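Asker: 3D, please:
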Amino acid sequence: MRWMLSLKRMASTTKSLSAKELAGRAFTPPQILYPFAKPACRQAKTEKETLKIFNTPHLNIAMEEIIQQLENEIKILFHEESSGHDIYHLKRTLNNALTIQEKEGGDRVVIAISAFLHDIHRIIQNETGKFCSPKDSLPKIKEILDKTELTAEQKEKILHCIEYHEEYNFSGTGKTVNDIETLVLQDADNLDAMGAIGIGRTFSFGGANKVAMWNPEKPFIRDSFDESEKDVSTVHHFYSKLLKL
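Answerer: Numbering: from 1, shown residues only. Model (predicted):
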């Protein structure tokens, strides 16, 4: 995709930073991870300013209203989330998705709402203590969508995107869908698993799920990735998934 050229520019910029400079920027995700995004996003320094994204051409007034309506419920659902899939991850994924959509096309409404609701299955998994796939979360997501004025067609497309957003080329089944909305969501979500934020989120995920940081006694033997199977350590997770994105 054309936006990959921007990622290369991002990588070259990041490599030129000293360790001290990089650490100082680790808490300003829009600057270090998304330098190719719109100025309003790059300059956001507080949550309040970040919300101004919704007043840029990214989203029209109707879209802004739907997002803000959903945010009230999402904040409640995700207020105790500590595995790196919190509401700020959802907002970064939303911003990534709309940035990519401007280059690649696709239904902006479907992409935006899908990005903002894509990790509901993580909350269900935290509550039940059992693995929950994106598909398993669709009834809950539909319940949330039914409170909005989205059309039936839009809701179906959103549910489709979320159901298939965790497909990877290196998983057992590979990628089975090719609609632009789902592909944009996949890339937007994967981008937040890269760079300084991605590393931090990975160790947060390991800690929240009681996964050892490193176990040198276990080999790297996973030939394919499966979300339902935990890696034996966080370092193993880098090799089984993150370094393959």
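Asker: And the helices in the chain?
Answerer: 3-15, 19-25, 29-32, 39-42, 47-50, 61-77, 87-104, 108-117, 120-128, 138-145, 152-163, 180-191, 195-208, 234-240 (DSSP state H).
Asker: so can I have TSV of the ones you listed showing mean neighbour count, distance to Gly172 and mean pLDDT?
Answerer: Where you see a C-beta, it was placed from the backbone N, CA and C, and this is true even at glycine. Supplementary listing: the helices of the chain in TSV, determined by neighbours: other Cβ atoms under 10 Å; distance: least, Cβ to Cβ, whole Å; pLDDT from 0 to 100:
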stretch	mean neighbour count	distance to Gly172	mean pLDDT
helix 3-15	13	26	43
helix 19-25	11	36	38
helix 29-32	20	32	38
helix 39-42	16	36	36
helix 47-50	12	37	46
helix 61-77	15	30	91
helix 87-104	22	24	96
helix 108-117	25	24	97
helix 120-128	18	19	97
helix 138-145	16	21	98
helix 152-163	19	17	98
helix 180-191	23	16	98
helix 195-208	18	21	96
helix 234-240	19	12	96
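Asker: Next, work out how far apart His89 and Asp192 are.
Answerer: According to Cβ to Cβ, to the nearest Å, His89 stands 6 Å off from Asp192.
Asker: so what sits against both of these two?
Answerer: Arg201 (Cβ atoms under 8 Å, 6 or more residues apart in numbering).
Asker: one step back: switch the helices of the chain over to a markdown table; also include distance to Glu227.
Answerer: Output for these, formatted as a markdown table (distance: least, Cβ to Cβ, whole Å):
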| stretch | distance to Glu227 |
| --- | --- |
| helix 3-15 | 24 |
| helix 19-25 | 30 |
| helix 29-32 | 24 |
| helix 39-42 | 29 |
| helix 47-50 | 29 |
| helix 61-77 | 20 |
| helix 87-104 | 16 |
| helix 108-117 | 18 |
| helix 120-128 | 9 |
| helix 138-145 | 16 |
| helix 152-163 | 13 |
| helix 180-191 | 12 |
| helix 195-208 | 12 |
| helix 234-240 | 11 |
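Asker: Which one of those lies nearest to Glu217?
Answerer: Closest to Glu217 of these, according to Cβ to Cβ: helix 234-240, at 11.3 Å.
Asker: Okay, now stretch 106-123: how far is its last residue from its first?
Answerer: End-to-end span of stretch 106-123 (Cα to Cα, to the nearest Å): 28 Å.
Asker: Enumerate every residue touching the residue nearest to Thr148 when sequence neighbours are not counted.
Answerer: In space, and not counting its chain neighbours, Thr148 is closest to Ile66: 5.5 Å by Cβ to Cβ, 6 or more residues apart in numbering. Applying Cβ under 8 Å, 6+ apart to Ile66 gives the contacts Val109, Ile113, Thr148, Glu149, Leu150.
Asker: Report the central residue of this structure.
Answerer: Among the residues of the chain, the one closest to the centroid is Asp189, at 3.0 Å (Cα atoms, centre = their mean).
Asker: Quick check, that residue in contact with His165.
Answerer: Yes. Here Asp189 reaches His165: they are 6.0 Å apart, a contact under Cβ atoms under 8 Å.
Asker: so what sits against both of these two?
Answerer: Joint contacts of Asp189 and His165 (Cβ under 8 Å, 6+ apart) are His118.
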